[in-house]
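In: Predicted model, plus sequence, below.
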Amino acid sequence: MSTQIAVFCGSSRGIHPSYAKEARQLGILLAERDITLVYGGGKAGLMGVVADSVLEKGGKVIGVIPEFLNTRERKHENLTQEIQVDTMHQRKTIMYELSDAAIALPGGFGTLDEFFEIITWNHLTLHSKMVGLLNVDNFYEHLYQHMLRARDHGFAPGALVEHLRMAPTAEALLKLMI
């Protein structure tokens, strides 16, 4: 069985072209390394960029999408496998169960929710999956510093960063994670 990585990212492209550029690069690298992409199932924004680039290179993509988001996130029609669920919580749970690791690209509150839930599950020892932040143009630098601050002030475990990796490019991040 090949490695499967969950990718959390925006359903928009953001304001900097570099976000989509690195999302595309990540998709290419996943396909070239025979790593299956597990993601939110949409074709909009960075989600669509990552999925399209994996598919263009002949890679595998599993999309997990709640029924109510089929129109909002414009469900991707060309995936290797689609899993339709009822709720966002089911979406996250299934993505985590299917994945060996997770990567967060730039994104909004949904991306942060997904990222922090998997970090929390690591802390609670529900799993011990590697989690990566793709820190394109220092997008996650402040968040990472805040996480270290929470640790340093006694609000997060010292092992918080044990399973966390951060890098500015997809290539560098995958080298740290795999």
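Out: Arrived safely, thanks for sending. Numbering: from 1, shown residues only.
In: Dump the C-alpha coordinates for the worst-scoring helix or strand of the chain on mean pLDDT into CSV.
Out: Lowest mean confidence among the helices and strands of the chain (mean pLDDT, DSSP states H and E): helix 109-123, at a mean of 90. Taking C-alpha atoms only, helix 109-123 is exported to CSV below (Å, rounded to 0.1, in the frame of the first residue of the first chain):
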residue,chain,number,x,y,z
PHE,A,109,-10.3,29.0,9.3
GLY,A,110,-11.2,25.6,7.9
THR,A,111,-7.6,24.8,7.2
LEU,A,112,-6.6,25.9,10.7
ASP,A,113,-9.4,23.8,12.3
GLU,A,114,-8.2,20.7,10.4
PHE,A,115,-4.6,21.4,11.3
PHE,A,116,-5.2,22.0,15.0
GLU,A,117,-7.4,19.0,15.3
ILE,A,118,-4.8,16.6,14.0
ILE,A,119,-2.1,18.3,16.2
THR,A,120,-4.5,17.9,19.2
TRP,A,121,-5.1,14.3,18.3
ASN,A,122,-1.3,13.8,18.4
HIS,A,123,-1.2,15.4,21.8
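In: Quick check: which helices or strands does the helix or strand immediately after that helix in the chain pack against?
Out: Downstream of helix 109-123, the next assigned helix or strand under DSSP states H and E is strand 130-134. Applying 3 or more CB pairs under 8 Å, 6 or more residues apart in numbering; DSSP states H and E, one finds that strand 130-134 contacts strand 101-104, helix 109-123, strand 164-167, helix 170-177. Glycine gets a C-beta too; all of them are placed from N, C-alpha and C.
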